[in-house]
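K.L.:
Starting from these lines, generate the structure:
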Amino acid sequence: MADQRGVELAGFWPRVGAQLLDALWMLPVGVLLAFLGDLARGGRGLSPGADLLLQLISALIILLFWVTRQATPGKMVLRLRVVDAETGRTPPWTRLVIRYLGYIISGLPLGLGYLWMLWDPRHQCWHDRLARTLVVQDPPLRD
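P.N.:
This next block holds a predicted model:
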(Lines give C-alpha, C1' and ligand atoms only; values in the text may rest on other atoms or scores of the structure.)
Protein backbone atom coordinates (compact mmCIF):
# COMPACT_ATOMS: atom_id res chain seq x y z
CA MET A 1 0.00 0.00 0.00
CA ALA A 2 1.36 3.42 -0.95
CA ASP A 3 0.45 6.60 0.88
CA GLN A 4 -0.34 9.93 -0.75
CA ARG A 5 3.35 10.72 -1.43
CA GLY A 6 3.90 7.43 -3.27
CA VAL A 7 5.86 5.93 -0.37
CA GLU A 8 5.37 2.19 -0.01
CA LEU A 9 4.15 1.48 3.51
CA ALA A 10 5.45 -1.70 5.12
CA GLY A 11 2.89 -4.44 5.56
CA PHE A 12 2.18 -6.64 8.55
CA TRP A 13 4.22 -9.70 7.57
CA PRO A 14 7.43 -7.84 6.62
CA ARG A 15 7.26 -6.06 9.98
CA VAL A 16 6.73 -9.37 11.80
CA GLY A 17 9.65 -10.86 9.86
CA ALA A 18 11.89 -7.95 10.84
CA GLN A 19 10.94 -8.41 14.51
CA LEU A 20 11.80 -12.11 14.32
CA LEU A 21 15.15 -11.39 12.66
CA ASP A 22 15.91 -8.80 15.34
CA ALA A 23 15.04 -11.32 18.05
CA LEU A 24 17.52 -13.75 16.46
CA TRP A 25 20.46 -11.36 16.71
CA MET A 26 19.42 -9.75 20.01
CA LEU A 27 18.95 -13.06 21.81
CA PRO A 28 22.67 -13.98 21.82
CA VAL A 29 23.56 -10.42 22.88
CA GLY A 30 21.10 -10.65 25.79
CA VAL A 31 22.29 -14.12 26.78
CA LEU A 32 25.93 -12.98 26.75
CA LEU A 33 25.17 -9.91 28.86
CA ALA A 34 23.08 -12.01 31.29
CA PHE A 35 25.89 -14.58 31.53
CA LEU A 36 28.45 -11.88 32.27
CA GLY A 37 26.14 -10.39 34.92
CA ASP A 38 25.63 -13.80 36.50
CA LEU A 39 29.37 -14.46 36.43
CA ALA A 40 30.04 -11.12 38.12
CA ARG A 41 27.65 -12.12 40.95
CA GLY A 42 29.29 -15.50 41.45
CA GLY A 43 26.53 -17.53 39.81
CA ARG A 44 23.66 -16.03 41.83
CA GLY A 45 21.72 -14.75 38.80
CA LEU A 46 21.01 -11.20 37.83
CA SER A 47 20.10 -8.64 40.42
CA PRO A 48 17.05 -6.46 39.68
CA GLY A 49 19.43 -3.59 38.93
CA ALA A 50 21.43 -5.72 36.49
CA ASP A 51 18.23 -6.84 34.79
CA LEU A 52 17.19 -3.19 34.40
CA LEU A 53 20.64 -2.36 33.03
CA LEU A 54 20.30 -5.21 30.51
CA GLN A 55 16.96 -3.77 29.35
CA LEU A 56 18.51 -0.30 29.07
CA ILE A 57 21.43 -1.62 27.00
CA SER A 58 18.99 -3.39 24.66
CA ALA A 59 16.95 -0.20 24.27
CA LEU A 60 20.07 1.85 23.55
CA ILE A 61 21.19 -0.62 20.87
CA ILE A 62 17.80 -0.41 19.13
CA LEU A 63 17.70 3.39 19.41
CA LEU A 64 21.23 3.69 18.05
CA PHE A 65 20.24 1.70 14.98
CA TRP A 66 17.10 3.81 14.47
CA VAL A 67 19.00 7.09 14.81
CA THR A 68 21.91 6.12 12.57
CA ARG A 69 20.31 3.76 10.03
CA GLN A 70 16.54 4.34 10.40
CA ALA A 71 16.31 0.58 10.89
CA THR A 72 17.39 -2.31 13.02
CA PRO A 73 19.29 -5.16 11.31
CA GLY A 74 16.04 -7.10 10.81
CA LYS A 75 14.44 -4.11 9.12
CA MET A 76 17.57 -3.55 7.02
CA VAL A 77 17.49 -7.13 5.71
CA LEU A 78 13.85 -6.66 4.66
CA ARG A 79 14.48 -3.11 3.32
CA LEU A 80 12.23 -1.42 5.89
CA ARG A 81 12.89 1.98 7.47
CA VAL A 82 11.37 4.03 10.28
CA VAL A 83 10.67 7.55 9.04
CA ASP A 84 9.04 10.73 10.26
CA ALA A 85 5.40 10.56 9.13
CA GLU A 86 5.43 14.20 7.98
CA THR A 87 8.84 14.59 6.31
CA GLY A 88 9.94 11.05 5.43
CA ARG A 89 13.30 11.76 7.07
CA THR A 90 14.88 10.34 10.21
CA PRO A 91 12.63 11.18 13.17
CA PRO A 92 14.14 13.22 16.01
CA TRP A 93 15.70 11.01 18.67
CA THR A 94 13.13 12.17 21.24
CA ARG A 95 10.33 10.76 19.10
CA LEU A 96 12.29 7.54 18.60
CA VAL A 97 12.48 7.18 22.39
CA ILE A 98 8.70 7.71 22.51
CA ARG A 99 8.34 5.06 19.79
CA TYR A 100 10.43 2.57 21.78
CA LEU A 101 8.49 3.21 25.00
CA GLY A 102 5.30 2.94 22.95
CA TYR A 103 6.11 -0.73 22.37
CA ILE A 104 4.97 -1.30 25.95
CA ILE A 105 1.63 0.38 25.25
CA SER A 106 1.23 -1.52 21.97
CA GLY A 107 1.79 -4.84 23.71
CA LEU A 108 -0.27 -4.38 26.86
CA PRO A 109 -3.79 -5.10 25.66
CA LEU A 110 -2.97 -8.54 24.18
CA GLY A 111 -0.85 -6.99 21.43
CA LEU A 112 -3.76 -4.95 20.04
CA GLY A 113 -1.47 -1.97 19.49
CA TYR A 114 0.67 -4.03 17.10
CA LEU A 115 -2.35 -5.47 15.28
CA TRP A 116 -3.82 -1.99 14.91
CA MET A 117 -1.80 -1.51 11.72
CA LEU A 118 -4.09 -4.01 10.00
CA TRP A 119 -6.94 -1.46 10.19
CA ASP A 120 -4.96 1.76 10.09
CA PRO A 121 -4.88 3.45 6.65
CA ARG A 122 -1.19 4.36 7.14
CA HIS A 123 -0.30 0.95 8.64
CA GLN A 124 0.65 2.58 11.93
CA CYS A 125 0.83 0.62 15.16
CA TRP A 126 0.05 2.54 18.34
CA HIS A 127 3.75 3.22 18.97
CA ASP A 128 4.02 4.68 15.44
CA ARG A 129 1.03 6.92 16.05
CA LEU A 130 2.46 8.12 19.38
CA ALA A 131 5.81 8.95 17.81
CA ARG A 132 4.38 10.16 14.48
CA THR A 133 6.41 7.64 12.50
CA LEU A 134 5.81 5.33 9.56
CA VAL A 135 7.57 2.12 8.58
CA VAL A 136 8.23 2.22 4.84
CA GLN A 137 9.38 -0.42 2.36
CA ASP A 138 12.31 0.58 0.15
CA PRO A 139 12.10 -0.51 -3.49
CA PRO A 140 14.02 -3.65 -4.52
CA LEU A 141 17.66 -3.21 -5.45
CA ARG A 142 18.31 -3.12 -9.19
CA ASP A 143 21.27 -4.74 -10.91
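K.L.:
buried residues in the helix or strand that contains residue 74?
P.N.:
Per DSSP states H and E: residue 74 is located in helix 73-77. By 16 or more other C-beta atoms under 10 Å, the buried positions in helix 73-77 come out as 73, 74, 75, 76. Just so you know, the C-beta spots here come from the backbone N, C-alpha and C atoms, and that holds for glycine as well.
K.L.:
average pLDDT for that helix?
P.N.:
On average, the pLDDT along helix 73-77 is 97.
K.L.:
With stretch 132-143 instead?
P.N.:
Across stretch 132-143, pLDDT averages out at 89.
K.L.:
Make CSV out of the buried residues of helix 73-77 and add distance to residue 111.
P.N.:
Listed next are those as CSV, based on distance: C-beta to C-beta, whole Å:
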residue, distance to residue 111
73, 23
74, 18
75, 19
76, 24
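K.L.:
Tell me where the chain has helices.
P.N.:
Taking DSSP state H as the criterion, the chain contains helices spanning 12-40, 48-69, 73-77, 93-107, 112-115, 126-131.
K.L.:
Pick the most buried one from those.
P.N.:
Mean neighbour count, computed with mean count of other C-beta atoms under 10 Å, is highest for helix 126-131 among the helices of the chain, reaching a mean of 21.
K.L.:
Not counting its own residues, what contacts it?
P.N.:
85, 91, 95-96, 98-103, 105-106, 112-114, 116-117, 120, 134-135 (C-beta atoms under 8 Å, 6 or more residues apart in numbering).
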